[in-house]
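Asker: With the input below, show me the fold.
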Amino acid sequence: MQVKDYLKIERATNISRSELGRFGTAAIFVVIVVIYTGSNFAHVEQSYLLIAAAIIGAYMAMNIGANDVANNVGPAVGSFALSLTSAIIIAAIFEAGGALLAGGDVVSTVKKGIIDPADINNPNVFVWVMMGALMGAAIWLNAATWLGAPVSTTHSIVGGVMGAGIAAGGWGIVNWDSMAKIALSWVVSPVIGGIVAAGFLFALKKLVFFRADPIEAAKRVVPWMIAIMAWAFTTYLFLKGVSKVIKVDFVFALIVGFGVALVVWVAIRPIVRRAATTMTQDRDGVNRLFTIPLIFSAALLSFAHGANDVANAVGPLAGVVDVLTEGNGGAKVAIPLWVMAIGAVGIAVGLALFGPKLIRTVGSEITELDRSRAFCIALAAAITVIVASQLGMPISSTHVALGAVFGVGFLREYLEKRLGRVVENVIASHEGQADFLEVERVMHSFQNAPPEAKVRLLEELKKMGSEAVISAAQRKELQKALKRHLVKRSALLKIVSAWIITVPASALLAATFYFLLRGILLP
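Answerer: Got it, this is the predicted structure:
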């Protein structure tokens, strides 16, 4: 056996050890949940069901951490504003903090009004429905994470509740108007997120990167961009986090956000001016100005996500606990602190153990991100969710964030294609002339230059030839190559496919698990 064969075996062994360590750590968390639940609820008549529900809730929380949190920190990691380890630590702390501090004391256990709990008169059936919904959603999230597809955890639990509800009470139990709105959000969310992110990036390019002196332009524009971000994130945090602790309306959140934005603008202007004196006159120099805002955005998005989406794991679990301990089964139940802790810690554990795969997908496998692009994505995610929630539009924060990533990538494609046409025209107009080889060399150098350098040379290039065109086949091939380079179509197809089947897949799994529970537990 050769040395390289030994190295392959060693690498495979190390991977196996790493996987075993992650699963072992997750198992320890589940065992702690079992011990706590069993020791505190041994007196409950059906304590075994409560323990099983707690295990499923912990499993669901870990899958939320592994899949959904990537949208909050992926752009910051992909742009190298944060290392993967730093991002995981920040997100874990703020996700858990958001869940525990602002997760809310009351939550609807039947998400988005998908089914009416009054249609389920038997408490045992209600328990089976909630457990089936949790298990179906968790298994689908696990599969999506394994496939490297970021999906909506809210849509997953909605599908789970729908599937288990249909299995228990038939098709008439479902609120199909709500389901239609959720289906609409599959299209609305990513499109709006993509348009907003592309709009901010285009404005940033026009106002800063395409200028003759980008650093001087950045000193004027960047403080305003960061102030807008502070406004958006403060408003977002109040609406999605603080509102779970105290009553906050939209106008109040907007006013507080505006006040914070003014303070940030005043404070950041001298900081940006001082930093600009040490920066190079290129895109990398300007990008350095967005490092700190990106770190803050990752933290704030994680806090708001923890406050908002922890209910996807602990809402149904709280319903089960309420039925088994108090005999209730209403649409709204108080969530005990220990149930919130399962959700908060589970999200953090899932992120730390299994989150890196999806973080890399969002941050680097869809399109290339630098800090200015990542900044526009984070800003678009916050603004889109705020506006959509106030307009009553059905929207998924996961779909918004990923739509913003694709929007940035497609804007880059559009700009590259437009510039590519100029290159084609210039080369074609000099074909057969004495300077053709020199023009071709210059054009190839131009083709490999950064987009901003190309734009600054655009007027000069237009003077080098007429508007003659090359063949349609050659043009099409060049455009295709540019597209494949800037936005990976395989990632787009995989993610969109996963979005489309999230609700039906979760529903089918939940219905299957419900029937299994009913078959096991019926006398």
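
Asker: Moving C-terminal from the lowest-mean-pLDDT helix or strand in the chain, which element do we reach first?
Answerer: Comparing helices and strands within the chain by mean pLDDT, DSSP states H and E singles out strand 106-108 as the least confident, with a mean of 47. Tracing the chain past strand 106-108, the next element assigned as helix or strand by DSSP states H and E is helix 123-147.

Asker: Just want the angle from the helix or strand just after that next one to helix 123-147.
Answerer: Tracing the chain past helix 123-147, the next element assigned as helix or strand by DSSP H and E is helix 153-169. Regarding helix 153-169 and helix 123-147, their directions subtend 140 degrees when assessed with axes from the mean of the first three to the mean of the last three Cα atoms, to 10 degrees.

Asker: Show me what helix 153-169 is packed up against.
Answerer: Other helices and strands packing on helix 153-169, by 3 or more Cβ pairs under 8 Å, 6 or more residues apart in numbering; DSSP states H and E, are helix 47-67, helix 123-147, helix 176-204, helix 311-326, helix 489-521. Bear in mind the C-beta positions are built from the backbone N, C-alpha and C, glycine included.

Asker: and the helix or strand that contains residue 253, what other elements does it pack with?
Answerer: Remark: residue 253 resides in helix 250-276, with elements defined by DSSP H and E. Contacting helix 250-276 under the criterion 3+ Cβ pairs under 8 Å, 6+ apart are the following elements: helix 214-240.

Asker: again, only this time at 10 Å
Answerer: If you count contacts as 3 or more Cβ pairs under 10 Å, 6 or more residues apart in numbering; DSSP states H and E, helix 250-276 packs onto helix 214-240, helix 283-287, helix 291-309, helix 371-391.

Asker: What mean pLDDT does the second one get?
Answerer: This means helix 283-287. Within the predicted structure, the mean pLDDT of helix 283-287 is 79.

Asker: tell me how far that helix is from the chain's mean position?
Answerer: Shown here is helix 283-287, whose average C-alpha point lies 25 Å from the average C-alpha point of the whole chain (Cα atoms, centre = their mean, to the nearest Å).

Asker: could the helices and strands packed on helix 153-169 go into a markdown table alongside distance to residue 303?
Answerer: As requested, those are exported to a markdown table (distance: least, Cβ to Cβ, whole Å):
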| stretch | distance to residue 303 |
| --- | --- |
| helix 47-67 | 14 |
| helix 123-147 | 21 |
| helix 176-204 | 20 |
| helix 311-326 | 15 |
| helix 489-521 | 25 |
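
Asker: from what I can see residue 384 touches residue 398, true?
Answerer: No: contact status for residue 384 versus residue 398: not in contact, 11.9 Å apart, counting by Cβ atoms under 10 Å.

Asker: my read: residue 48 touches residue 38, true?
Answerer: Yes: under the contact definition of Cβ under 10 Å, residue 48 touches residue 38, with a separation of 8.9 Å.

Asker: Send over stretch 205-220 as PDB, restricted to the C-alpha atoms.
Answerer: Taking Å, rounded to 0.1, in the frame of the first residue of the first chain, the C-alpha atoms of stretch 205-220 are listed here in PDB:
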ATOM      1  CA  LYS A 205     -21.900  51.100  -7.600                       C
ATOM      2  CA  LYS A 206     -23.200  54.300  -9.200                       C
ATOM      3  CA  LEU A 207     -22.500  56.500  -6.200                       C
ATOM      4  CA  VAL A 208     -19.200  55.000  -5.100                       C
ATOM      5  CA  PHE A 209     -17.500  52.300  -7.100                       C
ATOM      6  CA  PHE A 210     -18.000  53.800 -10.500                       C
ATOM      7  CA  ARG A 211     -16.600  57.200  -9.500                       C
ATOM      8  CA  ALA A 212     -13.200  58.300 -10.400                       C
ATOM      9  CA  ASP A 213     -12.300  58.700  -6.700                       C
ATOM     10  CA  PRO A 214     -14.200  55.900  -5.000                       C
ATOM     11  CA  ILE A 215     -12.700  56.600  -1.500                       C
ATOM     12  CA  GLU A 216     -13.800  60.300  -1.600                       C
ATOM     13  CA  ALA A 217     -17.300  59.200  -2.800                       C
ATOM     14  CA  ALA A 218     -17.400  56.600   0.000                       C
ATOM     15  CA  LYS A 219     -16.700  59.200   2.700                       C
ATOM     16  CA  ARG A 220     -20.000  60.900   1.600                       C
END
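
Asker: and it, which residues are buried?
Answerer: Neighbour-count burial for stretch 205-220, with 16 or more other Cβ atoms under 10 Å as criterion, is recorded at 205, 207, 208, 209, 210, 211, 214, 215, 217, 218, 219.

Asker: Report the central residue of this structure.
Answerer: When Cα atoms, centre = their mean is applied to the chain, the residue found nearest the centroid is residue 71 (2.2 Å).

Asker: what sits against the nearest residue to residue 503 once chain neighbours are set aside?
Answerer: If the residues on either side of it in the chain are set aside, residue 503 comes closest to residue 159, at 3.7 Å by Cβ to Cβ, 6 or more residues apart in numbering. Residues in contact with residue 159 (Cβ atoms under 10 Å, 6 or more residues apart in numbering) are 111, 114, 133, 136-137, 140, 152, 179, 182, 501-511.

Asker: same thing with residue 91?
Answerer: Residue 91 sits next to 65, 69-70, 72-74, 76-77, 82, 298-299, 301-303, 305-306, 347-348, 351-352, 355, 359 when contact means Cβ under 10 Å, 6+ apart.

Asker: Is it within a helix or a strand, and which one?
Answerer: Using DSSP H and E, the element containing residue 91 is helix 84-102.

Asker: Could I have the CA atoms of that helix written out in CSV?
Answerer: What follows is helix 84-102 as a C-alpha-only set of coordinates in CSV (Å, rounded to 0.1, in the frame of the first residue of the first chain):
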residue,chain,number,x,y,z
LEU,A,84,-16.8,30.8,10.2
THR,A,85,-15.9,30.1,13.9
SER,A,86,-16.6,33.7,14.9
ALA,A,87,-19.9,33.7,13.0
ILE,A,88,-21.0,30.5,14.7
ILE,A,89,-20.1,31.9,18.2
ILE,A,90,-21.9,35.2,17.6
ALA,A,91,-25.0,33.6,16.0
ALA,A,92,-25.3,31.0,18.7
ILE,A,93,-25.1,33.6,21.5
PHE,A,94,-27.6,35.9,19.9
GLU,A,95,-30.0,33.2,18.7
ALA,A,96,-30.2,31.8,22.2
GLY,A,97,-30.4,35.3,23.7
GLY,A,98,-33.3,36.3,21.3
ALA,A,99,-35.1,33.1,22.1
LEU,A,100,-34.8,33.4,25.8
LEU,A,101,-35.2,37.2,26.3
ALA,A,102,-37.7,38.0,23.6
